[in-house]
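[1] From the sequence below, what's the structure:
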Amino acid sequence: MYLLNLCHSIRRLRFEYDISEADFLEGTLREAVTSLNLVQVLPYNYRPPSSFGDSVPISSNIYNAAPGLPRYHDIFQISKSTGSYKACLNKSERAFCGCDDLTRLSMDSLNSDCIDRVCSNHLKC
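    From the prediction side, this is the model:
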């Protein structure tokens, strides 16, 4: 399934979910009918897949940053040369990155180091 976005490049597509902030941060909210978890915890140092493939991240954003752990799918040279920490820059551990509930809930790319959960869409096509 694909989502076709015809918005101008200066606009952003934003999804709004009917989930409380506490339920989102707890991460245990389940869909009533299928019992699927609606909140997914991202792996440490996660970067989304690229057009080069699922295992070739090239995004500059690193989510759920943990500077002391290896970077997620950091196999190819193009992946190794992209992606940088923001809040965790020059920090040795995630605990020193200054992440709080507000930065964990933020959708701003400047807070990508702190974003550790996302809403899951379990769509049947």
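[2] Correct me if wrong: Asp74 contacts Lys80.
    Yes. If you go by CB atoms under 8 Å, Asp74 and Lys80 touch, sitting 5.6 Å apart. In short, each C-beta sits where N, CA and C put it, glycine included.
[3] neighbour-wise, which of the two wins?
    Neighbour count, other CB atoms under 10 Å: between Asp74 and Lys80, Asp74 has more, with 15 against 10.
[4] which residues sit in contact with the more buried one?
    Contacts for Asp74 were tallied using CB atoms under 8 Å, 6 or more residues apart in numbering; they are Asn45, Pro57, Lys80, Gly83.
[5] Arg117 too?
    Here Arg117 is in contact with Phe24, Leu25, Gly27, Val39, Gln40, Val41, Leu42, Arg104 (CB under 8 Å, 6+ apart).
[6] Kindly provide the distance from the third one to Cys88.
    Using CB to CB, to the nearest Å, one gets 21 Å for the distance from Gly27 to Cys88.
[7] Counting neighbours around each, name which of the two comes out higher.
    Comparing Gly27 with Cys88 by other CB under 10 Å, the one with more neighbours is Cys88, at 23 against 13.
[8] The more buried one is in what secondary structure piece?
    Counting by DSSP states H and E, no helix or strand carries Cys88.
[9] Could you measure from it over to Val41?
    For Cys88, the distance to Val41 - CB to CB - is 18 Å.
[10] Let me see the ranges of the helices in the protein.
    For the chain, helices defined by DSSP state H occupy the ranges 21-26, 77-80, 101-105.
[11] Give the rounded mean pLDDT of the first one.
    Which is helix 21-26. Mean pLDDT, helix 21-26: 80.
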